[in-house]
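# fold the following and give me the result.
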Amino acid sequence: MDLISLSAVNAKSPYKIDFDQSGSFFFVTNKQRLYHVAFIEDQLFCEHGIYQYCLETEMHTAADGHVYEVVVALMEEFFKSSAKGLLYVCDSTDGRQAVRSRLFNRWFNSYAEKDKYLLLQREVQYEDMLHYVSLIVRKDHSETQAIITSFDYVLSHLEYAYKQG
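Presented below is the predicted three-dimensional model:
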């Protein structure tokens, strides 16, 4: 991925990170748990350079604190790029989106440099399910207010369209 230097991430990461054929990052934990991480330009916010962050694994095992370290290494490198914000939508396929949202909050709040960033969190009712959506932007970015406005606009219209449909 052009936004992130793989060598810079691997210098900080406790696990070796590589690319897969789709352009996503992947790593395997000490417990042999495979993770995929992707940064995908979000089509609803593309005029603002917002990317959606995806973290996936196929099996659910005991927590591994080193995954947090990988996430931090990737996000720090991501925010060094020209990208302006990072959108995180908690996966809802198994009904555990609230758990994922709490974990994401805990990770963000334990990050040493969190004061440089603004974390916006919203809950959106869509397709008979509550979705948890977060956006991280740098506080010092010149387009921060426009990004916040766009974020709130898109989410409110998505929820409104669902209620009308």
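
# per-residue confidence for residue 99?
As predicted, residue 99 sits at a pLDDT of 89.

# sec struct for it, please.
Following DSSP: H, G, I helix; E, B strand; the rest coil, we place residue 99 in the helix state.

# that one: how many residues sit nearby?
12 (other C-beta atoms under 10 Å). Glycine gets a C-beta too; all of them are placed from N, C-alpha and C.

# spit out the contact partners of it.
By C-beta atoms under 8 Å, 6 or more residues apart in numbering, the contact set of residue 99 is empty.

# strands of the chain, start to end?
Taking DSSP state E, the strands of the chain run over residues 18-19, 25-28, 34-41, 50-57, 85-89, 117-126, 129-138.

# show the backbone phi and psi for residue 113.
As for residue 113, its main-chain torsions (degrees, to the nearest 10) stand at phi -110, psi 30.

# okay, now the unreliable bits of the chain?
Applying pLDDT under 70 to the chain flags residues 1-2, 46-48, 60-62, 159-165.

# 80 instead, please
Flagging of the chain using pLDDT under 80 yields the residue ranges 1-3, 44-49, 58-63, 65, 82-83, 126-127, 157-165.

# from residue 30, how far out is the residue most central in space within it?
Closest to where the C-alpha atoms of the chain average out (C-alpha atoms, centre = their mean) is residue 53, at 3.2 Å. To residue 30, residue 53 is 23 Å away according to C-beta to C-beta, to the nearest Å.

# now the biggest helix by length in the chain: buried residues?
Looking across the chain with DSSP state H, the single longest helix is helix 144-164. For helix 144-164, the neighbour count (16 or more other C-beta atoms under 10 Å) marks 144, 147, 148, 150, 151, 154, 155, 158, 159 as buried.
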